[in-house]
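In: Fold the stuff below for me.
(one chain, ligands or ions: 1)
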Amino acid sequence: MFAWRPRTKTTRLIVHSSHMAASVPNHCAAMRARGREMGLLEVGYHFVIERDGSLVETRPRGSVGAHTPGNNHNSIGVCLAGDAASRHTVEQRVMLHALVVDLMWQFGRLEVVGHTELQRYRNRELRCPHLDMDELRETLMHITQDIPDKAPAAAEPEDKLTPQQRLILDYLGAGRTLTTKVAVTSLGIMSVSSRIAELRKMGHPILEREARDHFGKRYLKYFVEQPAEAVA
Ligand SMILES: [Zn+2]
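Out: Now for the predicted structure:
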């Protein structure tokens with residue numbers, strides 16, 4: 001039976017938009033269908049908030065998601081249905097506030113950030129989510145002030161990354177596929193399989209796929225699950 005990979009730490013809540021028009025009746029179902037085509041078992045976010053404010057729990061809240069490459073090992077991903085034109089509804093904001101309060105009671109205080117505050121798209125003009133994140137944090141500060149801090153978290157795993165490990169995560173995080181050849185020629189990394197093994201041990205879910213070159217020789221392509229967002 002399939003089991004979700006458990007997350008060992010939770011320090012952030014990362015907010016996304018679905019980047020699909022308001023006229024789409026069920027954003028969660030549409031993203032799931034698109035994700036399946038890309039090989040995702042389920043929507044990469046833990047939660048989707050539909051236009052009417054209804055909440056769908058798509059992955060167990062304690063599992064590793066697939067929504068912000070390089071940041072999935074310590075975060076919960078929430079996606080609000082809507083795009084730049086439709087923005088987000090009052091009902092969605094109300095549900096988001098309630099969800100954040102609920103998650104903070106469970107996991108302790110979380111840093112709430114927008115997807116593109118952490119990681120830009122290749123098109124640097126695009127933003128995710130379509131929310132004023134400072135305004136959201138301001139509101140959350142008021143409604144979460146009674147929530148106690150959990151025990152201080154251990155140092156973030158990314159603090160302990162070596163330069164080569166960081167290089168690989170950044171490369172994969174931008175949605176690219178890494179091969180041994182590219183690692184050697186573009187990144188100057190001679191033993192990419194060892195670095196990948198180290199990163200996996202730290203909880204970074206790096207996938208691989210076997211491919212064949214023109215001569216029929218087998219080689220591996222490494223990649224990470226990408227969020228099923230139209231604009232990524
Ligand atoms: Zn996003």
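In: His27 and Phe47 touch, don't they?
Out: No - look at His27 against Phe47 with Cβ atoms under 8 Å: they stay out of range, at 11.9 Å. All C-beta spots, glycine's among them, are computed from the backbone N, C-alpha and C.
In: Which neighbours do the two have in common?
Out: Residues touching both His27 and Phe47 (Cβ atoms under 8 Å, 6 or more residues apart in numbering): Cys79.
In: Would you map the strands across the chain?
Out: Under the criterion DSSP state E, the chain carries strands at the ranges 12-17, 47-49, 55-57, 75-80, 111-114, 178-179, 207-212, 218-223.
In: now these as a markdown table including distance to Thr185 and mean neighbour count?
Out: Below are those laid out as a markdown table (distance: least, Cβ to Cβ, whole Å; neighbours: other Cβ atoms under 10 Å):
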| stretch | distance to Thr185 | mean neighbour count |
| --- | --- | --- |
| strand 12-17 | 33 | 24 |
| strand 47-49 | 40 | 25 |
| strand 55-57 | 43 | 15 |
| strand 75-80 | 32 | 26 |
| strand 111-114 | 34 | 18 |
| strand 178-179 | 10 | 20 |
| strand 207-212 | 17 | 11 |
| strand 218-223 | 13 | 15 |
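In: Serialize the ones you listed to CSV and add fields for distance to the ion.
Out: Converted to CSV, the strands of the chain look like this (distance: least, Cβ to the ion, whole Å):
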stretch, distance to the ion
strand 12-17, 3
strand 47-49, 12
strand 55-57, 16
strand 75-80, 7
strand 111-114, 8
strand 178-179, 22
strand 207-212, 19
strand 218-223, 18
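In: mind putting those in a markdown table, mean pLDDT included?
Out: Shown next, in a markdown table, are these (pLDDT from 0 to 100):
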| stretch | mean pLDDT |
| --- | --- |
| strand 12-17 | 98 |
| strand 47-49 | 98 |
| strand 55-57 | 96 |
| strand 75-80 | 98 |
| strand 111-114 | 96 |
| strand 178-179 | 93 |
| strand 207-212 | 90 |
| strand 218-223 | 92 |
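In: Mind putting those into a markdown table with distance to Arg5?
Out: Listed next are the strands of the chain as a markdown table, based on distance: least, Cβ to Cβ, whole Å:
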| stretch | distance to Arg5 |
| --- | --- |
| strand 12-17 | 17 |
| strand 47-49 | 18 |
| strand 55-57 | 17 |
| strand 75-80 | 14 |
| strand 111-114 | 22 |
| strand 178-179 | 20 |
| strand 207-212 | 12 |
| strand 218-223 | 16 |
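In: Sounds good, over and out.
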